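*Asks:* need a structure here:
(chains A and B)
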Amino acid sequence: MALVKWKNRNLYDPWTEMRTLQDEINELFRNDRLPVTTGLFDRSVTPAIDFIEGEDDFTVTCELPGLEEKDIDVSIASNVLTLKGTKKTEEEQKKGKYYKKESWTGSFQRTLALPQTVDSEKISAQLKNGILQVVLPKKEDSKPKQITVEIKE
Amino acid sequence: MSDEKELQKVKGVPAPCDIFHDNESVILYLEMPGVTKENLQIRVDKDLLIIDGKKETADIEGKYMIHEIRNNDFHQEYTIDDTIDRNNINAVIKNGIVTLSLGVIESEKPRKIQITAG
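*Replies:* Residues are numbered from 1 along each chain as shown, chains lettered A, B, ... in the order given. Predicted coordinates:
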């Protein structure tokens, strides 16, 4: 027999569900929210990223705690950057139990369309303390150029 | 709400944590990306286990087009009881994951009782 989570505590108030839904959606948009593991939506397995446009390059920062270089795959096709990887579970323990599990495991993929073409030869990626940083230098010819126009009388 | 925000500004956010328990020890796996060995501080104050991690953020000049990573420092407190051996607490940090193992005192471990024939 399957166990069903008893969510609706008040059967006679049909709005409870709506309010719960509202609360859960509000929770998603709360800026300072703490990691939550329960709720309407499962915690999606996409690591947080930052994408910064600098003067000469783009920088993509990605939080990947517990991953090693071999677990991560960074690829670029024209101007679409793909970050892929698999986070493995700790496997050494067999006996014992988890009281709490807030971290995620599994594979993830993030695809970013870059706003302009980058020099794919010069892309560098570095993994340090669980943070992946990919630097994508902009192509010379796609940089804004100043062209002086001579005006003749 | 405002109080909560103020508190977080001072102390930081808790890191996602897995707590694993077996006969020998309680093991905490804390995800702290960007924290180095030097910036991690773990201390025991009577019944409190206090974990502080300072996040090292690379300052990158530019316009943030996606900003999902929060730059808060990590702070987490756990209450530990007398079954934890205070002298047997070890922490390892690797790739942004802190493995904190708290040893259980000898008298709390399950043991077999030898039966002697009378």
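
*Asks:* What residues does A:A125 make contact with?
*Replies:* A:V74, A:L132, A:Q133, A:V134, A:V135 (Cβ atoms under 8 Å, 6 or more residues apart in numbering or on different chains). Heads up, the C-betas are built off the backbone N, CA and C, glycines and all.

*Asks:* so of those residues, which ones are in strands?
*Replies:* The strands, defined by DSSP state E, take in A:V74, A:L132, A:Q133, A:V134, A:V135 from these.

*Asks:* With chain A as the reference, measure out to B:E24.
*Replies:* The gap separating B:E24 from chain A is 9 Å, by Cβ to the nearest Cβ, to the nearest Å.

*Asks:* just to revisit the earlier point, ok, of the contacts of A:A125, which one's closest to A:F51?
*Replies:* Ranked by distance to A:F51 (Cβ to Cβ), the contacts of A:A125 are led by A:V134 at 9.8 Å.

*Asks:* Count the neighbours of that closest one for me.
*Replies:* A:V134 sits with 23 neighbouring residues when counted by other Cβ atoms under 10 Å in any protein chain shown.

*Asks:* Go ahead and confirm A:S78 touches A:A113.
*Replies:* No. Using Cβ atoms under 8 Å, A:S78 is not in contact with A:A113, being 9.5 Å away.

*Asks:* related to what we said a few turns ago, among the ones in strands among the contacts of A:A125, name the ones that also lie close to chain B.
*Replies:* Restricting the ones in strands among the contacts of A:A125 to those adjacent to chain B (criterion: Cβ under 8 Å from any Cβ of the partner chain) gives A:Q133.

*Asks:* nearest to chain B, of the ones in strands among the contacts of A:A125?
*Replies:* Within these, proximity to chain B (Cβ to the nearest Cβ) peaks at A:Q133, which comes in at 6.8 Å.

*Asks:* Go ahead and confirm that closest one touches A:Q126.
*Replies:* Yes. Contact criterion Cβ under 8 Å: A:Q133 and A:Q126 qualify, at 5.1 Å.

*Asks:* quick one, which of those two is more surrounded?
*Replies:* A:Q133 (16 against 11).

*Asks:* Can you name the residues of chain B that neighbour chain A?
*Replies:* B:4-5, B:8, B:13-14, B:16-23, B:27, B:29, B:31-36, B:56, B:58, B:60-70, B:95-97.

*Asks:* filter those residues to the buried ones?
*Replies:* B:8, B:13-14, B:16-21, B:27, B:29, B:31-35, B:60, B:69, B:95-97 (16 or more other Cβ atoms under 10 Å in any protein chain shown).

*Asks:* Just the ones in strands from the residues you listed, please.
*Replies:* Per DSSP E, these map to strands at B:C17, B:D18, B:I19, B:F20, B:H21, B:I27, B:Y29, B:E31, B:I97.

*Asks:* any idea how far B:T79 is from B:K46?
*Replies:* For B:K46, the distance to B:T79 (Cβ to Cβ, to the nearest Å) stands at 10 Å.

*Asks:* cool, B:I113 as well?
*Replies:* The value you get for B:I113 to B:T79, if Cβ to Cβ is used, is 31 Å.

*Asks:* Which of these two has more residues huddled nearby?
*Replies:* B:T79 (8 against 5).

*Asks:* ok now do that one, which residues does it touch?
*Replies:* Taking Cβ under 8 Å, 6+ apart as the test, what B:T79 contacts is B:D47, B:L48, B:L49.

*Asks:* Find the closest residue to chain B in chain A.
*Replies:* Residue of chain A nearest chain B, by Cβ to the nearest Cβ: A:G130 (2.0 Å).
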